[in-house]
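Novice: just coords:
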């Protein structure tokens, strides 16, 4: 008698890209697939070092509170691990200082807490956690050459790879392929190679750029908080801003920001001159005698770019795109890592109800869900960037201009009202939607502050001071 033995082939998912979006995606997929492979072009460092594939990691980064809470859920004990690695705990509203049109935002007590941690350190910590999951495999120094498909090209079945180390080639097969390779994603080209249309793109580019330097925090530092931010204000013609944040290792990371093609320089003297030209001179005062511990790094890929995979009328099954490869936001607003975390959570939610051996229709479902999820962060980033006169892409319509005027009033009210300030911080950290700032109770407070005579007088004085100080410092250099 012959015994019938049924064997089931293990399920496999491939994630292209080993940065934050790829790591979090792999973590979620490990709950649903027998094996997950992360493909990464770079050689992965064995410590919290920078790597070439993430040039923006050298600049100031903020893991929003929503993102930190998601990572704690994915990796229990993550918050404590960050603190063990030297992360600086902070309470938003208390330890943070923001300078906007209305001046310094009012401080308030809150339970909105997170940790200040360098981007490279954060990725290193997440990668170590992911590496402990036995069903996840890393393939570093590996480049994806093309997508593999079935005979009629209706289903993506894997990827063709090239080793950057020894130039060997290898075909990998999977039940699901996820592109999380970031702004430089080749997915549009891969799709056209197998007979599909590339997605249409929406690009909003405020022509912004960074320059960043790291400093040793002085022993008697005059700034006692954790974060200090001077926001550019396009309506006032103030296109320059900057931020200082304390991170692990007793260091300050200082990033200067210029929009409308008013880029900060990577020259030593010009970097300090740019800092001195901000609407308030404090960052310049604090760093001019501080000890640099790095060169000055520049970065200019700050455009908002939405690739509309949700609008494709034809697509292959079993291939999805996430993270910056689908929706890249101007990193000035600090939403990128947290938005990627939200996308990973949504991916897990959707795939939990599916048979991973039969994912017909899943690619379209996920891309539509990703588009819907990213609308809040996209609105926050692009609506502000559209205010610059030389912005490339869409111009604000009448409704957008009305929203801009309202949010100008929000900025003017925040120095006086901790309730408004708290709601702004909650929206900024994606704990509440941006529309929560339009709630009747908040709007009433905003308008009350806007039309109080002494508020108007104080606000006009602050705005005049910011304009004169910024423009004066620019012109006094010649």
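Specialist: The structure has been received and is ready for your questions. None of these values were measured; they are calculated from a predicted model. Numbers count the residues shown, from 1 in each chain.

Novice: counting neighbours, what do you get for the closest residue to residue 432 other than its chain neighbours?
Specialist: Spatially, and ignoring its direct neighbours in sequence, residue 432 is nearest to residue 426 (4.4 Å; Cβ to Cβ, 6 or more residues apart in numbering). Where C-beta positions appear, they are placed from N, C-alpha and C, glycine not excepted. Using other Cβ atoms under 10 Å, residue 426 is surrounded by 20 other residues.

Novice: show me what contacts residue 286?
Specialist: Residue 286 sits next to 221-223, 244, 252 when contact means Cβ atoms under 8 Å, 6 or more residues apart in numbering.

Novice: pretty sure it is in a strand, no?
Specialist: No - counting by DSSP: H, G, I helix; E, B strand; the rest coil, residue 286 is not part of a strand but helix.

Novice: for the nearest residue to residue 342 once chain neighbours are set aside, what are its contacts?
Specialist: Among residues not flanking residue 342 along the chain, residue 373 sits closest, at 5.9 Å (Cβ to Cβ, 6+ apart). Residues near residue 373 by Cβ under 8 Å, 6+ apart: 339, 342-343, 346.

Novice: will you turn those residues into JSON lines that also has neighbour count?
Specialist: Formatted as JSON lines, the contacts of residue 373 follow (neighbours: other Cβ atoms under 10 Å):
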{"residue": "339", "neighbour count": "27"}
{"residue": "342", "neighbour count": "22"}
{"residue": "343", "neighbour count": "24"}
{"residue": "346", "neighbour count": "17"}
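
Novice: which ones among those map onto helices?
Specialist: If you go by DSSP state H, the contacts of residue 373 have 339, 342-343, 346 in helices.

Novice: chain center to stretch 351-364: distance?
Specialist: 28 Å (Cα atoms, centre = their mean, to the nearest Å).

Novice: run through who's touching it.
Specialist: 11, 13, 28-29, 31-33, 175-176, 310, 312, 315-320, 350.

Novice: pull out the buried positions in it.
Specialist: 351, 356, 359, 362-364 (16 or more other Cβ atoms under 10 Å).

Novice: and the two most separated of those?
Specialist: 356 and 364 (16.3 Å; Cβ to Cβ).

Novice: what about the closest residue to residue 144 other than its chain neighbours, helix or strand, and which?
Specialist: The shortest distance from residue 144 to any non-neighbouring residue, by Cβ to Cβ, 6+ apart, is to residue 159 (5.0 Å). In the assignment (DSSP states H and E), residue 159 maps to strand 156-163.

Novice: so for that strand, what's the average pLDDT?
Specialist: What strand 156-163 shows for mean pLDDT is 98.

Novice: that strand pairs with which strands, parallel or anti?
Specialist: Here strand 156-163 is paired, per DSSP bridges, with strand 142-149 (antiparallel), strand 169-173 (antiparallel).

Novice: chain center to the shortest one: distance?
Specialist: Spelled out, that is strand 169-173. 31 Å.

Novice: ok, stretch 97-105 next?
Specialist: For stretch 97-105, the distance to the chain centre is 22 Å (Cα atoms, centre = their mean).

Novice: repeat for stretch 411-428
Specialist: 22 Å.

Novice: and that stretch, which residues are buried?
Specialist: 411-418, 420-428.

Novice: what about the contacts of stretch 351-364, which are in helices?
Specialist: Per DSSP H, the contacts of stretch 351-364 map to helices at 28-29, 350.

Novice: can you lay out the residues you listed as a markdown table showing neighbour count, distance to residue 282 and pLDDT?
Specialist: Shown next, in a markdown table, are these (neighbours: other Cβ atoms under 10 Å; distance: Cβ to Cβ, whole Å; pLDDT from 0 to 100):
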| residue | neighbour count | distance to residue 282 | pLDDT |
| --- | --- | --- | --- |
| 28 | 24 | 41 | 98 |
| 29 | 26 | 45 | 98 |
| 350 | 15 | 46 | 98 |
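
Novice: what's the closest of the residues you listed to residue 334?
Specialist: Using Cβ to Cβ, the ones in helices among the contacts of stretch 351-364 come closest to residue 334 at residue 28, 22.2 Å.

Novice: my read: residue 97 touches residue 230, true?
Specialist: No - if you go by Cβ atoms under 8 Å, residue 97 and residue 230 don't touch, sitting 9.3 Å apart.

Novice: between the ones in helices among the contacts of residue 373, which sits nearest residue 382?
Specialist: residue 339 (13.3 Å).

Novice: residue contacts, that closest one?
Specialist: Taking Cβ under 8 Å, 6+ apart as the test, what residue 339 contacts is 327, 329, 373-374, 377, 430.

Novice: one step back: so which of the buried residues of stretch 411-428 are in helices?
Specialist: Going by DSSP H, the helices hold 411-413, 418, 420-428 from the buried residues of stretch 411-428.

Novice: so how do I select the buried members of the contacts of residue 286 in PyMOL?
Specialist: In PyMOL, this line selects whichever of those come out buried by 16+ other Cβ under 10 Å:
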select buried, resi 223+244+252
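
Novice: how about the contacts of residue 286 in TSV, adding pLDDT, secondary structure and distance to residue 127?
Specialist: Shown next, in TSV, are the contacts of residue 286 (pLDDT from 0 to 100; DSSP: H, G, I helix; E, B strand; the rest coil; distance: Cβ to Cβ, whole Å):
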residue	pLDDT	secondary structure	distance to residue 127
221	85	coil	31
222	84	coil	36
223	83	coil	32
244	96	strand	27
252	96	strand	25
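
Novice: can you put the contacts of residue 286 in JSON lines and add distance to residue 138?
Specialist: Shown next, in JSON lines, are the contacts of residue 286 (distance: Cβ to Cβ, whole Å):
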{"residue": "221", "distance to residue 138": "39"}
{"residue": "222", "distance to residue 138": "44"}
{"residue": "223", "distance to residue 138": "40"}
{"residue": "244", "distance to residue 138": "35"}
{"residue": "252", "distance to residue 138": "33"}
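
Novice: beta partners for residue 137?
Specialist: With DSSP bridges as the rule, residue 137 is bridged to residue 37.

Novice: so it sits against residue 35, correct?
Specialist: Yes - applying Cβ under 8 Å as the test, residue 137 and residue 35 come out as touching, 7.0 Å apart.
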